[in-house]
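> fold the following.
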Amino acid sequence: MAKYVYPNVEPIRPGYDIEFRLQFPQDLWDGEQIGTGRLVAQFRSAVPGPVLFEADTVALTIQREAPSTLAFFLSEEATKPFAASTIVVFDIARFDGGDSRIVLDQVIWPVLETVTRDVV
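Okay, the predicted model is just below:
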């Protein structure tokens with residue numbers, strides 16, 4: 001199983017909204033049919049571990065963008081459970097009817113606790 005670590009990206013900050021994007025090589029996008037079907041990504045602090053948030057194309061928390069890009073939209077409520085870890089791990093699964101498969105294995109994204117939080 002491949003692991004993809006993204007160290008030089010904006011980290012997820014628990015309690016804050018975040019948008020981030022993953023751009024795929026066109027041959028991977030086409031070969032794995034990422035442009036079609038339902039996509040789901042379950043965010044966890046460790047594998048195995050409980051699901052902290054589930055992003056889904058049905059819920060529009062994963063959206064397809066051109067060229068060959070997936071955009072993830074996590075709300076402040078979605079990111080709050082990430083506070084207990086310095087990373088989140090997710091993979092991306094594609095569902096089409098009764099068929100399902102992993103299209104990207106174990107993405108590791110940094111989490112950074114912020115100093116100024118929950119200001120009202």
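
> now do the strands in this structure.
In the chain, the strands defined using DSSP state E lie at 4-5, 18-23, 38-43, 53-56, 62-65, 69-74, 87-96, 99-110.

> and residue 93, how far from residue 27?
Distance of residue 93 to residue 27, computed by CB to CB, to the nearest Å: 20 Å. Placement of C-beta: from N, CA and C, glycine included.

> which one of those two is surrounded by more residues?
Shown here are residue 93 and residue 27; by other CB atoms under 10 Å, residue 93 has more neighbours (16 against 9).

> the strands of the chain: which one's closest to residue 31?
Comparing the strands of the chain against residue 31 with CB to CB, the closest turns out to be strand 99-110 (9.2 Å).

> who does the closest one touch, helix- and strand-wise?
Applying 3 or more CB pairs under 8 Å, 6 or more residues apart in numbering; DSSP states H and E, one finds that strand 99-110 contacts strand 4-5, strand 18-23, strand 87-96.

> to residue 68, which of those lies closest?
So among these, strand 18-23 is nearest, using CB to CB, at 6.2 Å.

> partners of the closest one, with directions?
Here strand 18-23 has these sheet partners by DSSP bridges: strand 69-74 (antiparallel).

> tell me what angle the strand it pairs with forms with strand 87-96.
Relative orientation of strand 69-74 versus strand 87-96 (axes from the mean of the first three to the mean of the last three CA atoms, to 10 degrees): 120 degrees.

> quick one on the thing from earlier: so can I have JSON lines of the strands of the chain showing distance to residue 11 and mean pLDDT?
As requested, those are exported to JSON lines (distance: least, CB to CB, whole Å; pLDDT from 0 to 100):
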{"stretch": "strand 4-5", "distance to residue 11": "12", "mean pLDDT": "63"}
{"stretch": "strand 18-23", "distance to residue 11": "9", "mean pLDDT": "92"}
{"stretch": "strand 38-43", "distance to residue 11": "13", "mean pLDDT": "95"}
{"stretch": "strand 53-56", "distance to residue 11": "15", "mean pLDDT": "96"}
{"stretch": "strand 62-65", "distance to residue 11": "19", "mean pLDDT": "96"}
{"stretch": "strand 69-74", "distance to residue 11": "12", "mean pLDDT": "95"}
{"stretch": "strand 87-96", "distance to residue 11": "9", "mean pLDDT": "92"}
{"stretch": "strand 99-110", "distance to residue 11": "4", "mean pLDDT": "87"}
